[in-house]
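give the three-dimensional model of this entry:
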Amino acid sequence: MPIAEMRFIKRCAEWRPKEERIDIPENTRGFYVLFKKTGRSFNVVYVGMARGEKTGMFERITRHAKSKRKGPHWSHFSLFEVHDNISEQEVEELEGLFRHIYRKDKNANKFNK
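This next block holds a predicted model:
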């Protein structure tokens, strides 16, 4: 059986400080992870997505940074931009996969309800 070529991720930025969110282009679609840096470790706090139609990753991550509830709990982020041919449903499926992986994590699960 031939293997289908499928490439979800167009580009990524990993473990960027919260302040660097200003460099994210508007309406960037994909999923992102918020981390709390503790020493040399990065602990997952939240996994989210942005469809990009009305709200892209810049807007979503900025909203989290300004949130009194989530803002103090994370210091870094990673983002994974999807290719233009990836549908909203596929973005949701990718986000759901990562939320599933971290569903038992005490820190990540707290904000992913």
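
list the buried residues of stretch 22-31.
Under the neighbour-count criterion of 16 or more other C-beta atoms under 10 Å, stretch 22-31 has 24, 28-31 buried. Placement of C-beta: from N, CA and C, glycine included.

can you list these in JSON lines and add secondary structure and distance to Phe98?
Converted to JSON lines, these look like this (DSSP: H, G, I helix; E, B strand; the rest coil; distance: C-beta to C-beta, whole Å):
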{"residue": "Ile24", "secondary structure": "coil", "distance to Phe98": "19"}
{"residue": "Thr28", "secondary structure": "coil", "distance to Phe98": "17"}
{"residue": "Arg29", "secondary structure": "coil", "distance to Phe98": "15"}
{"residue": "Gly30", "secondary structure": "strand", "distance to Phe98": "11"}
{"residue": "Phe31", "secondary structure": "strand", "distance to Phe98": "7"}
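
what about this structure, any weak spots by pLDDT?
Low-confidence segments of the chain (pLDDT under 70): 4, 6, 107-113.

would you map the strands across it?
Secondary structure of the chain (DSSP state E): strands at 9-17, 30-38, 41-50, 76-82.

of the ones you listed, which approaches Arg103 most closely?
Among these, the nearest to Arg103 by C-beta to C-beta is strand 41-50 (9.9 Å).

parallel or antiparallel, which strands does that closest one pair with?
strand 30-38 (antiparallel) (DSSP bridges).

residues contacting the partner strand, please?
Outside strand 30-38, the residues that touch it by C-beta atoms under 8 Å, 6 or more residues apart in numbering are 9-10, 15, 42-50, 52, 57, 60-61, 64, 70, 73-82, 91, 94-95, 98, 107, 111.

brilliant, that's me finished.
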